[in-house]
Structures are given as C-alpha cells and as structure tokens.
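Novice: Any chance you could fold what I've pasted below:
(one chain, ligands or ions: 1)
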Amino acid sequence: MAPHSHLDRFYEPHFDDVERLQGYQHGGFAPISLGQEFVNGRYKVIHKLGYGGFSTVWLARDRSNRGLVALKIMQANASSKPSHELAEIHIPRSLHTMLPRIQDLSVDVKDNFKVIMPSGEHQVIVMQMAGPSLFDISDFPSRRLRADLARRVAYQVANALHQMHGAGFVHGDLTTFNILFCVSDSVYGWSDQDVYDNLGRPRSSEVETRSGEKLAPHEPTCLVAPVSSSEWRNSQGVLQEGVVIADFGQSYFRQPPSDYRPGAALHCTAPEILFDNRAGPEADVWSFGCTIFEIRAGSPLFDWLLGSRSALVKLMVRMFGRLPDPWWAAYEDRDRWFQENGEPKLQSVGKGHTKRLEPIFVKLSIVKELRAIGSTENDERTDSGLGPMIEPKGVALREEEVQSLGDLLGKMLRYRPQDRITMEEVISHPWFTTTFHPGTN
Ligand SMILES: Nc1ncnc2c1ncn2[C@@H]1O[C@H](COP(=O)(O)OP(=O)(O)OP(=O)(O)O)[C@@H](O)[C@H]1O
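Specialist: Down below sits the predicted model:
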C-alpha cells in the first residue's frame, strides 16, 4: 500500500483560509500558538494576520510600549539564506533612512530576532502592524474598490515605486497580496479586548492525525485562521484609505545578489523573467501594470491560478500578439495554439455550404477587459455588507477612462523591457489625475 501523504496524515482543518499543514516540517513554518511569548515576554502573540509562501504573520503585543505589532515568522529554511534576510530586513530599513518621503508608503521594520524551535531556527521580523492586503479586501470575484479609492491607492504605490527605482531599489514581487491597507492610529493603542471586539476572536482548528498518532514537536497543535476580510471590511473607522508596500523578500539594491532567483507571483511575472530569468525595474513596471488592472477591476488581468508558465504565455499572446524573437521560438506550445504570425490557429466549423474556418479562440485586449468591468459581476451579492471602501455593484468604467487606462497599461505591458515606460512616465500619466465625469459614456 502506498504510504499516506503528509496531508492524509491529518484531518482537514475547519476552514480553508490558512497555511497548508505540509508547510510544518523541519525547516518549514514555526509551530506558533496564541499566547506564545518571545524575547523574555516582550512580545506576546494575540491574533493572526496572514501567511505567505515563506512565513506566518501574527498580531502581537509589544509589552515594552504596550503597542500592537506584526511578527513575521519566517520558515526556518528561508531564515538561513543571507540574501533573503538581507532583503526582508535591510531593504525596508534602508528605504526608510534613504528616502524619507517613502516612510508612509512602505512597511516599517522595527526589530528582528531569531528563535530556535523544533522546526529549526526562525527569523522573526517585527513590523508595523498593517491591515488586509488589496487582494484580501477585494475578495474576488464579487468586490472591487471604490473608483476614487482605486486610483488613489494605485497612485500611492506608483509614487513609492518611482522613489524606489530612482534610488536604485527593485521590489521584485509586486502584487495585490503585497500591498496592505494602513490601520488608523488609534488601533495601535487597542487593548486585547478591543482587538477581539473589532476584528473577532481568532478561529482555530485542532490538528489531529487520522491514525491517532501523536503530533511531532515541529507540528502545531492548532491551525489559526487570520482576521477575515469581512471583519476588516465591516470594522468601522479601523482602516485608513492609504496603503503600504510590504514583502521585500525579492527586493534588491542596484544589483541582484549572486544567489538571486526572480520570484514574482506567476500572474504578474514579466516576459523577460519567464524567458531570460532577468529581473529589474522594467519587470516591476510590468508587475505593477498587472496590479493596477487588478486594483481597478477587482479581478486579475491574467488568472491567479494559471498553474503553469505556458498557460500564462498563451494568455499573453492572445492579448498582445506574437512574442518577439527569440522568445517566440522558445515558447514550446506555440504550434499547438497559434499560427506563425501569432494569430490563433483556425479550425473548421459548420457543415456543407456553412463550412468555414474560425479561430480556435477569441483574441483578448486590455480595452475589452476594461469595458467588461462591472458588467460581469456576481448579481447575487447584496450592496449591504460590502463596506464603505467597495464600489456598488454593476458600475462600469466610462469610455473616457477605458481609453486612458488602456493607454497607460498598454505602455506598461510592452513585451520588450526597453520599450516599456518608466515609473517617471507612469506617475505623470493623466489616468491618475483626470476627473472622469459620470455620464460621458
Ligand atoms: N505588517 C503587516 N501587517 C499586517 N499583515 C501583514 C503584515 N505583513 C504581512 N501581513 C499579512 O501576511 C501575509 C503574508 O505576508 P508576506 O507576503 O510578507 O509573506 P511571505 O511569506 O513573504 O509571502 P510570499 O509568498 O508572498 O512571498 C500578507 O499577505 C498579509 O496578509
């Protein structure tokens, strides 16, 4: 009989917005529990804020000043890579010292220390506590930000990225997952009870093996769900309408470190990374183009769940046409879907005198995607419970905005990095400042 997989070993948790249990291995996630203390009781874990591929992120009380902080507890394997540590800790610190105007736009690292646990040695990064990510608040497919808020948020990120590029920093992993709403100043002074009253009590699910076998010391006794997006959305006066950029794990200053491997989220990955493994400020511009679309649309330009590089390239070619050489020749599935000129392959449809050739799929375009915003929303959602940050349902973009945003994204999403506009040009684009009057359609 085949051995049970790691997943089969456990009963499923009661909720799905939680890290996978397979991540809890030697070298993996740290088994943290609510109430756990670090640095001689200075930091005490009181809730969970999120998780990513490399870490779990917890809300903690800093007893030195009674304030609230976020503890990003890295997987042990990621903690031992000097370049990762350098990026996660030193890039945000350098940004704050070198670029005073970015202080409100990038997350602040306050402290860091290491802890030894049965899973290994973990780097813990103490950060300014922020709110949910843009991804979390939109909660695809039913919600997107209010139009004015979407543009304001996009401008803040553009401003931060412009300053970073001007000083020689590359972010390397720009997505809606890594842009977080700021919380109101009063939140930092909340008691534990205020946290639970406003954000709900942590939901936890006991971890149990199917066989009844005891848990290993590196396995958590409970999985804890992060504060839910609906708690954030419906909490009154807790979130500000400003954002900070977070997650500098893929960032670098001037030159990528020798062990650098570009690692942007697949749906935001630029073609030069896919084909040449080459990151840079231009790749940030591509990722940010995808991110602006997602901020305005509430859903991604290219699917989040593509699964493969080839599936992403197929969507790119459907949208932007034939790849430049030599990438076209390197795209292994091109003959399956496309003619040599990048047009979709043709298939025979109909019978007898109605028989004709038709493309095997329709071509995509940014403008078409922009025109579809607001018209394909899930009609079952109610306007109540959406919160003040969310656009009412069924609101489409004015044609004037479709043209303006289509122009901006078209220039940011050019295949060749040297053909893309720079962040200097992005922030002066009229889409950020034009008033799109209702009724111009
Ligand atoms: N300072 C913070 N305040 C509040 N929540 C945070 C903070 N930092 C991170 N989070 C939450 O934790 C999640 C994971 O954080 P982050 O993306 O930094 O982790 P990661 O392991 O580096 O993930 P990735 O797989 O994206 O590289 C974020 O999406 C966010 O929801």
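Novice: Spell out, range by range, the strands that occur in the chain.
Specialist: With strands called from DSSP state E, the chain shows them at 37-38, 43-51, 55-62, 67-74, 109-117, 120-128, 169-170, 179-183, 204-206, 222-224, 239-245, 252-253, 346-349, 356-359.
Novice: Same list (those strands) but as TSV, adding mean neighbour count and distance to the ligand.
Specialist: Using the backbone N, CA and C atoms, a C-beta is placed for each residue, glycine as well. Converted to TSV, the strands of the chain look like this (neighbours: other C-beta atoms under 10 Å; distance: least, C-beta to the nearest ligand atom, whole Å):
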stretch	mean neighbour count	distance to the ligand
strand 37-38	16	16
strand 43-51	21	2
strand 55-62	24	4
strand 67-74	22	4
strand 109-117	15	9
strand 120-128	21	4
strand 169-170	25	15
strand 179-183	24	6
strand 204-206	15	17
strand 222-224	20	13
strand 239-245	20	8
strand 252-253	19	15
strand 346-349	11	39
strand 356-359	12	36
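Novice: In JSON lines: those strands, plus mean pLDDT.
Specialist: Below are the strands of the chain laid out as JSON lines (pLDDT from 0 to 100):
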{"stretch": "strand 37-38", "mean pLDDT": "98"}
{"stretch": "strand 43-51", "mean pLDDT": "97"}
{"stretch": "strand 55-62", "mean pLDDT": "97"}
{"stretch": "strand 67-74", "mean pLDDT": "97"}
{"stretch": "strand 109-117", "mean pLDDT": "96"}
{"stretch": "strand 120-128", "mean pLDDT": "96"}
{"stretch": "strand 169-170", "mean pLDDT": "97"}
{"stretch": "strand 179-183", "mean pLDDT": "96"}
{"stretch": "strand 204-206", "mean pLDDT": "92"}
{"stretch": "strand 222-224", "mean pLDDT": "95"}
{"stretch": "strand 239-245", "mean pLDDT": "94"}
{"stretch": "strand 252-253", "mean pLDDT": "95"}
{"stretch": "strand 346-349", "mean pLDDT": "90"}
{"stretch": "strand 356-359", "mean pLDDT": "90"}
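Novice: nearest to residue 320, of those strands?
Specialist: For the strands of the chain, proximity to residue 320 was assessed by C-beta to C-beta; strand 356-359 is nearest, at 16.0 Å.
Novice: Contact partners for the residue most central in space within the chain?
Specialist: The chain has residue 177 as the residue nearest its centroid, 1.9 Å off, counting by C-alpha atoms, centre = their mean. With contact taken as C-beta atoms under 8 Å, 6 or more residues apart in numbering, residue 177 is in contact with 52, 133-135, 247, 265.
Novice: In the stretch 151-300 of the chain, what residue comes closest to the ligand?
Specialist: At 3.6 Å from the ligand, residue 247 is the closest residue in the stretch 151-300 of the chain, using C-beta to the nearest ligand atom.
Novice: ok, now which ones touch the nearest residue to residue 421 once chain neighbours are set aside?
Specialist: Closest residue in space to residue 421, ignoring its immediate chain neighbours: residue 411 at 4.4 Å, by C-beta to C-beta, 6 or more residues apart in numbering. Contact analysis of residue 411 by C-beta under 8 Å, 6+ apart lists 420-421, 425, 429.
Novice: follow-up on the earlier one: let me see the backbone angles for the residue of the stretch 151-300 of the chain closest to the ligand.
Specialist: Main-chain dihedrals, residue 247, degrees, to the nearest 10: phi 60, psi 80.
Novice: Spatially nearest residue to it (excluding sequence neighbours)?
Specialist: In space, residue 247 is closest to residue 178, 4.1 Å off (C-beta to C-beta, 6+ apart).
Novice: any idea how far that neighbour lies from residue 130?
Specialist: Residue 178 sits 11 Å away from residue 130, going by C-beta to C-beta, to the nearest Å.
Novice: coming back round to it: quick check, the residue of the stretch 151-300 of the chain closest to the ligand in contact with residue 53.
Specialist: No. If you go by C-beta atoms under 8 Å, residue 247 and residue 53 don't touch, sitting 9.9 Å apart.
Novice: Between those two, point out the one with more neighbours.
Specialist: Legend: neighbour count by other C-beta atoms under 10 Å for residue 247 and residue 53, higher for residue 247 (26 against 13).
Novice: Return the residues in contact with that one.
Specialist: Residue 247 neighbours (C-beta under 8 Å, 6+ apart): 52, 173, 177-178.
Novice: now those as JSON lines including pLDDT and distance to the ligand?
Specialist: What follows is the contacts of residue 247, written out as JSON lines (pLDDT from 0 to 100; distance: C-beta to the nearest ligand atom, whole Å):
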{"residue": "52", "pLDDT": "91", "distance to the ligand": "2"}
{"residue": "173", "pLDDT": "96", "distance to the ligand": "6"}
{"residue": "177", "pLDDT": "94", "distance to the ligand": "5"}
{"residue": "178", "pLDDT": "96", "distance to the ligand": "5"}
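Novice: Quick one: neighbours of residue 298, just the number.
Specialist: Neighbourhood size, residue 298 [other C-beta under 10 Å]: 23.
Novice: Thank you, goodbye.
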